[in-house]
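Q: sequence? don't have it. structure:
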């Protein structure tokens, strides 16, 4: 992904020195992964966690970040699958 990532995440629980590098890395990996395979646009959190090595909670947080203008303002769609399971699709 060639777009520069913002330098700072925000929120009351963020420690900038400890968290920004890790969160930027997660965001780059998740973004690249969900956009890299147009033949398979929908992903569950578990599938993305297996593919990236990041926990489902982190994947979910990065998908929320992608909706924010400072992180690209992507469209992140959510679709119900069954029994509380959702899948997600990210588009520009």
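A: The structure has been received and is ready for your questions. Model, not experiment: these values are computed from the prediction.
Q: from here on, contacts and neighbour counts on C-alpha atoms
A: Fine.
Q: past the helix or strand of the chain with the lowest mean pLDDT, which element shows up next along the chain?
A: Lowest on mean pLDDT, DSSP states H and E among the helices and strands of the chain sits helix 16-35, with a mean of 93. Under the assignment DSSP states H and E, the closest C-terminal helix or strand after helix 16-35 is strand 43-44.
Q: give the buried residues for the helix or strand just after that next one.
A: Per DSSP H and E, strand 43-44 leads on to helix 45-52 as the next helix or strand towards the C-terminus. By neighbour count on 16 or more other C-alpha atoms under 10 Å, the buried set for helix 45-52 is 45, 46, 48, 49.
Q: try stretch 12-26
A: Neighbour count says stretch 12-26 has 20, 23, 24, 26 buried, by 16+ other C-alpha under 10 Å.
Q: residue contacts, the last one?
A: Taking C-alpha atoms under 8 Å, 6 or more residues apart in numbering as the contact definition, residue 26 lies against 54, 58, 59, 62.
Q: out of those residues, which comes closest to residue 71?
A: residue 62 (9.5 Å; C-alpha to C-alpha).
Q: once you drop chain neighbours, what's closest to that closest one?
A: residue 27 (5.7 Å; C-alpha to C-alpha, 6 or more residues apart in numbering).
Q: before we move on, what about residue 88?
A: Computed as C-alpha to C-alpha, 6+ apart, the closest residue to residue 88 that is not its neighbour in sequence is residue 78, at 4.6 Å.
Q: quick one: residues contacting residue 30.
A: 48, 52, 59, 62, 63.
Q: any idea what residue 89 is bridged to?
A: Using DSSP bridges, the beta-bridge partners of residue 89 come out as residue 77.
Q: wait, it sits on residue 67?
A: No - if you go by C-alpha atoms under 8 Å, residue 89 and residue 67 don't touch, sitting 11.7 Å apart.
Q: return the distance of residue 29 relative to residue 12.
A: Applying C-alpha to C-alpha, to the nearest Å, one obtains 24 Å for the distance of residue 29 from residue 12.
Q: buried ones in stretch 81-92?
A: Those would be 86, 87, 88, 89, 90, for stretch 81-92 by 16+ other C-alpha under 10 Å.
Q: out of those residues, which comes closest to residue 74?
A: residue 90 (6.6 Å).
Q: good, we can wrap up now.
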